[in-house]
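**Student:** no FASTA, just this:
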């Protein structure tokens with residue numbers, strides 16, 4: 001286990017010489033740097049924060065910290081949900097949000113070169129002005145692209161377009177030793193040695209600091225249509241998903257939600273979008289499906305074919321959201337689920353498992369049974385098209401000791417069952433320090449050992465984002 005040194009006044013002065021007016025220590029540090037978006041995973045104060053402005057600066061910073069064995073925690077916008085960008089061993093938080101330039105579009109190769117601090121929403125908007133689409137669509141639109149790459153962020157369009165990993169062609173990386181390396185290239189395919197590029201994607205800032213990224217783009221679809229599809233119960237709702245996927249209709253997004261979370265979201269937004277009772281039948285669960293294409297005529301035909309399948313599978317009704325306002329309202333309701341849950345309880349914990357699509361209904365039936373078993377309210381929703389589920393345990397005013405005991409028991413049960421049915425710990429939020437134990441239970445000692453050995457090769461002094469993913473403190 002590494003023994004880390006403190007950030008001394010001498011080290012602070014060296015950092016200030018590298019990044020003038022962008023180094024903060026002690027009481028100068030903004031409280032935002034001590035936590036991410038899941039306060040339950042703890043607050044940890046760094047000894048210093050550096051807001052870096054270039055690859056070269058980051059290289060010099062890493063040399064100083066590596067020589068002095070000081071932990072460095074790479075950080076973007078801090079929107080993570082697994083405690084992946086917090087300073088659990090103190091040290092230096094290295095923030096990349098100032099590195100926020102879209103550097104260059106390559107229209108011939110359909111790609112864009114960006115700095116890691118560019119926000120997802122800013123790239124999406126800028127690419128759209130050129131008739132292009134950056135397909136990854138995580139729920140947090142104001143996360144940085146560097147953070148998205150570091151966690152292999154997914155999102156609602158993953159069912160058609162894939163995750164962030166599928167759009168990263170190349171990157172510049174500063175290693176913990178300060179060396180600057182380039183992984184990948186702006187090409188469409190490669191079989192050139194080990195894929196260090198893919199090793200960096202999803203490594204959560206434990207192997208290197210990403211300072212520049214080349215991303216693939218695609219031509220933007222001209223039209224999008226959405227279907228709101230109520231079902232009487234969750235089993236029928238999830239049972240329809242494989243039929244839609246096998247139909248060849250290629251949905252852009254395919255989300256599921258139970259009625260309780262829909263009502264909660266609509267109350268939060270003060271706007272009802274999803275039908276509650278249709279011909280005397282109450283909706284117990286919903287699919288929200290989007291298709292994209294080159295013309296509305298094409299999408300209307302696709303919608304008709306999808307509707308036939310969905311009615312055969314037990315849909316109560318199908319509401320076509322083909323106007324901008326209706327589409328906006330439907331997806332706004334879906335996008336506010338987490339905020340609605342947060343507003344309805346005093347604290348929560350999240351499980352971000354991914355399971356085989358064929359096991360979603362079975363798994364959620366088990367999850368729902370845990371409410372009674374453990375006396376804890378549970379809310380869930382997720383990406384039906386790829387099996388990634390977001391499940392939240394709600395504190396609801398319980399005393400601290402009772403809450404921690406019940407929450408741990410619920411999480412233990414949920415991760416264990418996901419593992420039993422062939423699932424994995426995280427579909428898109430990552431491991432951070434909060435989910436390490438569940439990762440180890442899932443993959444076993446051999447695989448954990450391999451990951452730890454990879455960490456040592458990249459980071460011999462174990463200074464980069466210590467205590468995250470595979471290396472416990």
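**Tutor:** On my side now, so go ahead. Since this is a predicted model, take the numbers as computed values, not measurements. Numbers count the residues shown, from 1 in each chain.

**Student:** for burial, what's the neighbour tally of the closest residue in space to residue 141 that isn't next to it in sequence?
**Tutor:** In space, residue 141 comes closest to residue 121 once its chain neighbours are excluded; the distance is 4.0 Å by C-beta to C-beta, 6 or more residues apart in numbering. Every residue, glycine included, has its C-beta placed from N, CA and C. By other C-beta atoms under 10 Å, the residues close to residue 121 number 12.

**Student:** quick one: residue 121 is in a helix?
**Tutor:** Yes. Counting by DSSP: H, G, I helix; E, B strand; the rest coil, residue 121 falls inside a helix.

**Student:** any idea how far it lies from residue 453?
**Tutor:** Residue 121 is 38 Å from residue 453, where distance means C-beta to C-beta, to the nearest Å.

**Student:** just residue 447 next, same as before
**Tutor:** Applying C-beta to C-beta to residue 447 and residue 453 gives a distance of 11 Å.

**Student:** does residue 102 touch residue 114 like I think?
**Tutor:** Yes. Between residue 102 and residue 114 there is a contact under C-beta atoms under 8 Å: 5.3 Å.

**Student:** shared neighbours of the two, anything?
**Tutor:** The overlap between the contact sets of residue 102 and residue 114 (C-beta atoms under 8 Å, 6 or more residues apart in numbering) consists of residue 123.

**Student:** what's the pLDDT at residue 139?
**Tutor:** Note on residue 139: pLDDT of 86.

**Student:** quick one: residues contacting it.
**Tutor:** 155, 156, 335, 338.

**Student:** also residue 190?
**Tutor:** Contacts of residue 190 (C-beta under 8 Å, 6+ apart): residue 184.

**Student:** between residue 447 and residue 453, which has more neighbouring residues?
**Tutor:** residue 447 (13 against 10).

**Student:** run the chain-centre distance for the longest helix along the chain.
**Tutor:** Ranked by residue count, the top helix of the chain under DSSP state H comes out as helix 436-458. In terms of C-alpha atoms, centre = their mean, to the nearest Å, the centre of helix 436-458 is found 21 Å from the chain centre.

**Student:** got the buried residues for it?
**Tutor:** If you call a residue buried by 16 or more other C-beta atoms under 10 Å, then helix 436-458 has these buried ones: 436, 437, 438, 439, 440, 442, 443, 448, 451, 455, 458.

**Student:** between these, which sits nearest residue 213?
**Tutor:** Among the buried residues of helix 436-458, residue 458 lies closest to residue 213 (C-beta to C-beta), at 18.0 Å.

**Student:** grab the nearest non-local neighbour of that closest one.
**Tutor:** Spatial nearest neighbour of residue 458, excluding adjacent residues (C-beta to C-beta, 6+ apart): residue 207 at 4.2 Å.

**Student:** okay, that neighbour: pLDDT?
**Tutor:** 98.

**Student:** where exactly do the helices run in the stretch 301-450 of the chain?
**Tutor:** Using DSSP state H, counting those that start in this stretch, the helices found in the stretch 301-450 of the chain span residues 324-335, 337-343, 360-374, 400-420, 436-458.

**Student:** residues in contact with residue 106?
**Tutor:** Contacts for residue 106 were tallied using C-beta under 8 Å, 6+ apart; they are 112, 113, 186.

**Student:** okay, these in TSV with neighbour count and distance to residue 430 next?
**Tutor:** TSV is the format used below for the contacts of residue 106 (neighbours: other C-beta atoms under 10 Å; distance: C-beta to C-beta, whole Å):
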residue	neighbour count	distance to residue 430
112	26	24
113	19	24
186	14	26
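
**Student:** let's see which of these end up in strands.
**Tutor:** Residues of those located in strands (DSSP state E): 112, 113.

**Student:** of the contacts of residue 106, closest to residue 279?
**Tutor:** Nearest to residue 279 among the contacts of residue 106, with distances taken as C-beta to C-beta, is residue 112, at 48.8 Å.

**Student:** look up how far residue 41 lies from that closest one.
**Tutor:** Distance from residue 112 to residue 41, counting by C-beta to C-beta: 33 Å.

**Student:** swap in residue 33?
**Tutor:** From residue 33 across to residue 41, the span is 15 Å (C-beta to C-beta).

**Student:** and for residue 111?
**Tutor:** Distance, residue 111 to residue 41, using C-beta to C-beta: 35 Å.

**Student:** phi first, then psi, for the nearest residue to residue 355 once chain neighbours are set aside.
**Tutor:** Excluding its sequence neighbours, the residue lying closest to residue 355 (C-beta to C-beta, 6+ apart) is residue 423, at 3.6 Å. Phi and psi for residue 423, reported as degrees, to the nearest 10, are phi -90, psi 180.

**Student:** sounds good, over and out.
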